[in-house]
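K.L.:
let me see the structure of the following:
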Amino acid sequence: MRRLNSITLAAIIALGVISSKDASAQITLIQNAQSFEAQSFDKFIPRPQKTTRIDYDIWNDLLGEMVLSTGPSARKRYGRPNAITGSRFVRGHASAYRLEGNRIPYSEIRPEFMGMLTEYRKDLERIGTEIDISKLPRNEQLAFWFNLHNAVMVEQLAKEYPVKRPEDLKIGKPAVQFYDAKIIDIKNTKLSLRDIREKIVYANWRNPKVIYGFYLGDIGSPSIQNRAFNGSNVNQILNLNAEEFVNSLRGFHVRNNKQYVSRLYTDVAKFYFPNFDRDVETHIKKYMRDDVKSQMLNAASFSIDRYDPIIADMTAGQGRYKSISSLSSTSRSGVSLTGHNTLKQFVNELVVKREKLKELGLYSNGTVIVEDIETDDGSKPEIE
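P.N.:
The predicted structure follows:
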């Protein structure tokens, strides 16, 4: 909402556009509207009172069918890929970070699977309306917001595909930037993806590792896993995502005696990193492997790396293709990897990357984090 203050209205009065009486009424209406806007998210402030658990088995199955794991980063900047055989053109991902982060083959999602995504997104909205999410245990609340956000993200990108850069996508009439479009309805409150991140989760959780729960659809984003969040595993998946991201080149690297971190950290600085260099260093060191930590420079500030905004698919948003031959059997969801050269090129590079990971002893995906070990009573620590 565009906000007008009394100074703006005074200028309008001076021009004789409206009377002072009308202006006073305008100010009251605007103040009321601003107050409503400021309080409209209060219903989502955590007030844990119940032990209710939400079942995400369907979303878990959908993710298991969609998500292609690329494993941890090999911390290798990839050069420009080879041109397609018989051509001078390079198709697909050309980014130096193109093999970092998991992938969803949007180009291969069939209409019937698209329908399943939409139905499940509607189910999550219904659950959020029927249940008072704010009264669930804090980890259950987090799992709900992560799953809803990511389900909407995947559904919309699949619906709008081919998409080159998710951050440039505009939807609705009038067209609104994708992340800011009010396309979610919970308890008659219209929410955007940014609202979920910033006005609900970042506003009410102090631990910065929650930033790794939100999939943004592009290569620069925290990764998406092939399983759903729930109240029991939310710590584990957040730690897994944080570890993958921080130890990837898109998260942190040193070049020309300067150390770079992702734009992701500046985007959330006002919530978690007010003293940016010090706070970010403290944060990322928690998740760094020793070999990566040894690369950090002493007493040096961070520069912000170029963010990779290209969609995290397998073809760089180049569209849907007809199957030529099968690289793997078609899954029951209708997601298959076809024999198109662009897909073959990506898979071939991924095979080479995995051999490199084996050499580095990094082929396993993630490590055990002490705080995620269940206590004797089976309870999990709540993320504050």
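K.L.:
distance between the ends of stretch 295-309?
P.N.:
Using CA to CA, to the nearest Å, the end-to-end distance of stretch 295-309 comes to 26 Å.
K.L.:
buried set for it?
P.N.:
Phe302, Asp305, Tyr307, Asp308, Pro309 (16 or more other CB atoms under 10 Å). In short, each C-beta sits where N, CA and C put it, glycine included.
K.L.:
and the helices in the stretch 51-200 of the chain?
P.N.:
Assigned by DSSP state H, counting those that start in this stretch, the helices in the stretch 51-200 of the chain fall at 57-66, 111-130, 138-160, 193-194.
K.L.:
most packed of those helices?
P.N.:
Greatest average neighbour count among the helices of the stretch 51-200 of the chain goes to helix 138-160 (a mean of 22), per mean count of other CB atoms under 10 Å.
K.L.:
hang on, the earlier thing: what about the buried residues of stretch 295-309, which are in strands?
P.N.:
Using DSSP state E, Phe302 are the members of the buried residues of stretch 295-309 that sit in strands.
K.L.:
adding distance to Asp55, write the buried residues of stretch 295-309 out as a markdown table.
P.N.:
Output for the buried residues of stretch 295-309, formatted as a markdown table (distance: CB to CB, whole Å):
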| residue | distance to Asp55 |
| --- | --- |
| Phe302 | 41 |
| Asp305 | 39 |
| Tyr307 | 35 |
| Asp308 | 35 |
| Pro309 | 34 |
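K.L.:
now, which of the buried residues of stretch 295-309 sits nearest Pro162?
P.N.:
Pro309 (14.8 Å; CB to CB).
K.L.:
would you mind measuring from that closest one to Asn247?
P.N.:
21 Å (CB to CB, to the nearest Å).
K.L.:
who's in contact with Gln141?
P.N.:
Contact analysis of Gln141 by CB atoms under 8 Å, 6 or more residues apart in numbering lists Pro46, Pro48, Ile133, Ser134.
K.L.:
of the residues you listed, select the buried ones using a ChimeraX command.
P.N.:
Per 16+ other CB under 10 Å, the buried members of these correspond to this ChimeraX selection:
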select :46,133,134
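K.L.:
of the contacts of Gln141, the lowest pLDDT goes to which?
P.N.:
Lowest pLDDT of the contacts of Gln141: Pro48, 86.
K.L.:
for it, list the residues it contacts.
P.N.:
Lys135, Leu136, Pro137, Arg138, Gln141, Glu382.
K.L.:
mind redoing it with 10 Å?
P.N.:
Ser134, Lys135, Leu136, Pro137, Arg138, Asn139, Glu140, Gln141, Glu382 (CB atoms under 10 Å, 6 or more residues apart in numbering).
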